[in-house]
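S.K.: Requesting a structural model of the entry that follows:
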Amino acid sequence: MQSDRIAGAATVAAGAALALASFAIETSPAQPELSARFFPLLLSSALVVLGIALLIQSGGRELSLALRQLFAPGALVFGGLLLAYFLSFRYVDFRLNTWLFMLVAMIAMGSRRPLELIAVPLGVSLGIYALFRHGFAVLLPVWM
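M.R.: Down below sits the predicted model:
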């Protein structure tokens, strides 16, 4: 129990240090999208919240179950897929990238029905593309 409190305090301290370091990242006021600080601040916030939860619970069953679920193989696979999707976003055609992400994520999460595996990724990728391209007039990365 004491080690959980020490780990929680260390996690809160690491999150606070990351947040302070994030404010040193330069941003441009003319930048219309999320700033370069957004993701580091988001991660630091998550560290602080999880550290506080660890301090409060100090080894309770609820937190232990939540952490086991967070680090379950399926959740880690989904997190890796999401990271790959974001890193390849500007280099791969949006429709193909979204279709592939949806297909692999659905398989990783246990979907096995062929019609569902065909229709949902295709519908989501084309629907989102049509909405953003024609509804919001947002240009998405495409090859042709």
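S.K.: which residues sit in contact with residue 129?
M.R.: Neighbour list for residue 129: 94, 95, 98, 140 [criterion: C-beta atoms under 8 Å, 6 or more residues apart in numbering]. The way it works is simple: take the backbone N, C-alpha and C, and place the C-beta from them, glycine included.
S.K.: tell me the SS of residue 19?
M.R.: Following DSSP: H, G, I helix; E, B strand; the rest coil, residue 19 is assigned to helix.
S.K.: Report the secondary structure element holding the closest residue to it other than its chain neighbours.
M.R.: Excluding its sequence neighbours, the residue lying closest to residue 19 (C-beta to C-beta, 6 or more residues apart in numbering) is residue 44, at 3.9 Å. In this assignment (DSSP states H and E), residue 44 forms part of helix 38-57.
S.K.: list the buried ones in that helix?
M.R.: Neighbour counts over helix 38-57 (16 or more other C-beta atoms under 10 Å) mark 40, 44, 47, 48, 50, 51, 53, 54, 55, 57 as buried.
S.K.: Contacts for it, please.
M.R.: 4-5, 7-16, 18-19, 21-22, 25, 63.
S.K.: Pull out the buried members of those residues.
M.R.: Buried among those (16+ other C-beta under 10 Å): 4, 8, 11, 12, 15, 18, 19, 22, 63.
S.K.: Just list the residues touching the closest residue to residue 140 other than its chain neighbours, thanks.
M.R.: Using C-beta to C-beta, 6+ apart and skipping the chain neighbours, the partner closest in space to residue 140 is residue 94 (4.0 Å). By C-beta under 8 Å, 6+ apart, residue 94 lies in contact with 125, 129, 140, 141, 142.
S.K.: Among these, name the buried ones.
M.R.: 125, 129.
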